[in-house]
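A.B. asks: turn this into a model:
(one chain, ligands or ions: 1)
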Amino acid sequence: MADKYMELVNTGFTKKLAKLLGLPRPPRLRRYGADTPLLPGPVLVLGQSPKAQQLSDTLISWDLDVRRHDAGDTKLGGIILLLDELTHPEQLSPLMLAAGKALRNLVPGARVVSFSRQALDSDKPAVAAVRQGIDGAIRSLGREMRGGATANGIVLQEGTEITSPSAIGALNFFLSGRSAYVDGQFLTVKTTDGELPEDFHKPLAGKVAVVTGAARGIGAAISRTLARDGAQVVVVDMPQAGESLAAVANEIGATTLQLDVTAKDAGQQIIDHAIKRHGSLDIVVHNAGITRDKLLANMDETRWDSVIAVNIASQLRMNEIFLAAKLPGLRIVSLASTSGIAGNRGQTNYAASKGGVIGMVHSSAKLFAAAGGSIAAVAPGFIETEMTAKIPLGTRTVARMVLPSLMQGGLPEDVAEAIAFLSSDAAAGLNGQVLRVCGQSLVGA
Ligand code: NAD
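C.D. replies: Numbering: from 1, shown residues only. Modelled structure (predicted):
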């Protein structure tokens, strides 16, 4: 239905009619394609930073046409704002206004990406003010973008640079079609850890990845994307979902493991399968999840407990087993939800489980880093799947339309792209983060 509407308001006579009637016209998002360029036009780099030249060289090595300071009337595929050296809010104006002028020349699906430094309590007030101010400015800019363009930011912690591996990895992700539904978000580069892939189209080459809840929906999309990016995938789901699980596995050359993730030995079964069949275990995506929505006043024990058991308790138990096994370089990516951040009516149990994922990720980062690994989460907003198909049509339609600039729900592939990036070695310096894939909305399952 969302697709039909988008088709109508973006083609032929009905496009003109929609324009005339002032109907919202959700843009087509620019998504990843192996044969499409990283950006749909030249990139303008604004601002100064000690490593600006090195950054430009990297952009050129990605076949981008790089313009510095002013691009005149050239149509642009992206703008990179180097704001990491600013020390007072008054210094923002020339760069933000230059970006504002260049916005008129952005082509559909363009990207704006800022680099800034993390605001610390120990900063001088003016320094903290400009750093935190950038956060507000970029989030607001995301809401002003048109034509499926987005604005996101990379925040550098002390000791990291715009050229640190995870800063470059995050930049590539934000510029590319992989981040189509990520808007108004920040990734913080915490360390100089991380290794860039030889081939940005195959960042997971040689890795063995396990995806739970892989028989359908977002889990199936994650499995396809990890396989596309070069990983050998193991797909895991309940025995009842065996047939669809086998279909996903056949499609991508994965092996299957029928398993209820709430089983006490689920973690060990995953390790045993991956090692025995594929020789290692490098990535685990905790995607299996359920909803059992009810207002808390009407909630029963079964609904509450089953959601906690599947969505968070199982992950805590499996992670303990993975940590005890000391698997070198293991990367975990877990599925949170915007409900766990903003709350959602009827979802106290679900939001407790998804907020729980966020807490687990923050506190587990050091533990996984000890073995050279990492843990992160993706918090999807409104994603069109069988899970959200259960939301009443009226609410679903409103949920799509109120999305400030993208005006549509995301696709399972959009979540999968963020997970693929966070599970890659390029993201090691982003350990412990939660990335929202929500088109700047907080509505979702
Ligand atoms: P879905 O219901 O379509 O698929 C979930 C899969 O998990 C199913 O194949 C199911 O069989 C499997 N599963 C459930 N319990 C299991 C268990 N105990 N052991 C093994 N497998 C189990 O859901 P989806 O929409 O694809 O969501 C996937 C994940 O993304 C979930 O964690 C969900 O909470 C999260 N999420 C979804 C949305 C959205 O908008 N769809 C938004 C935010 C977060």
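
A.B. asks: the ligand contacts on this structure?
C.D. replies: 212-213, 215-219, 237-238, 241, 260-262, 287-290, 310, 335, 337, 380, 382-383, 385-388, 444-445 (Cβ under 6 Å from any ligand atom). For every residue, glycine as well, the C-beta is placed using N, CA and C.

A.B. asks: what number of residues lie near the closest residue to residue 142 other than its chain neighbours?
C.D. replies: Spatial nearest neighbour of residue 142, chain neighbours left out: residue 184 (3.2 Å); criterion: Cβ to Cβ, 6 or more residues apart in numbering. Per other Cβ atoms under 10 Å, the neighbour tally for residue 184 reads 23.

A.B. asks: residue 184 looks like it's in a strand, true?
C.D. replies: No: Residue 184 sits outside any strand when classified using DSSP: H, G, I helix; E, B strand; the rest coil, being coil.

A.B. asks: the lengthiest strand in the chain pairs with which strands, and in what direction?
C.D. replies: Using DSSP state E to define each element, the chain has its longest strand at strand 106-117. The strands that strand 106-117 pairs with in its sheet are strand 76-82 (parallel), strand 150-156 (parallel) (by DSSP bridges).

A.B. asks: of the residues of the chain next to the ligand, buried ones?
C.D. replies: Buried members of the residues of the chain next to the ligand, counted by 16 or more other Cβ atoms under 10 Å: 212-213, 215-219, 237-238, 241, 260-262, 287-289, 310, 335, 337, 380, 382-383, 385, 387-388, 444-445.

A.B. asks: where along the stretch 301-445 of the chain do the strands fall?
C.D. replies: 331-335, 374-380, 434-437 (DSSP state E, counting those that start in this stretch).

A.B. asks: out of these, flag the one nearest residue 36.
C.D. replies: Between residue 36 and those, the tightest spacing by Cβ to Cβ is seen for strand 434-437, at 19.9 Å.

A.B. asks: now what about the closest one, what contacts it?
C.D. replies: 181-182, 185, 187, 336, 338, 341, 358, 361-362, 376-381, 383, 410, 414-415, 418, 422 (Cβ atoms under 8 Å, 6 or more residues apart in numbering).

A.B. asks: return the members of the residues you listed classed as buried.
C.D. replies: Of the contacts of strand 434-437, these count as buried by 16+ other Cβ under 10 Å: 181-182, 185, 187, 336, 338, 341, 358, 361, 376-381, 383, 410, 414-415, 418, 422.

A.B. asks: okay, and residue 293 sits in which element?
C.D. replies: Following DSSP states H and E, there is no helix or strand that holds residue 293.

A.B. asks: hang on, isn't it packed against residue 339?
C.D. replies: No: counting by Cβ atoms under 8 Å, residue 293 sits too far from residue 339 to count as a contact (9.9 Å).

A.B. asks: mind listing the shared neighbours of these two?
C.D. replies: Common neighbours of residue 293 and residue 339 (Cβ under 8 Å, 6+ apart) are 347, 350.

A.B. asks: more neighbours, the two?
C.D. replies: residue 339 (27 against 18).

A.B. asks: and residue 237, what does it touch?
C.D. replies: So residue 237 contacts 212, 213, 214, 215, 219, 244, 245, 258, 259, 288 (Cβ under 8 Å, 6+ apart).

A.B. asks: residue contacts, the last one?
C.D. replies: With contacts taken as Cβ under 8 Å, 6+ apart, residue 288 has the following neighbours: 212, 213, 219, 236, 237, 261, 310, 314.
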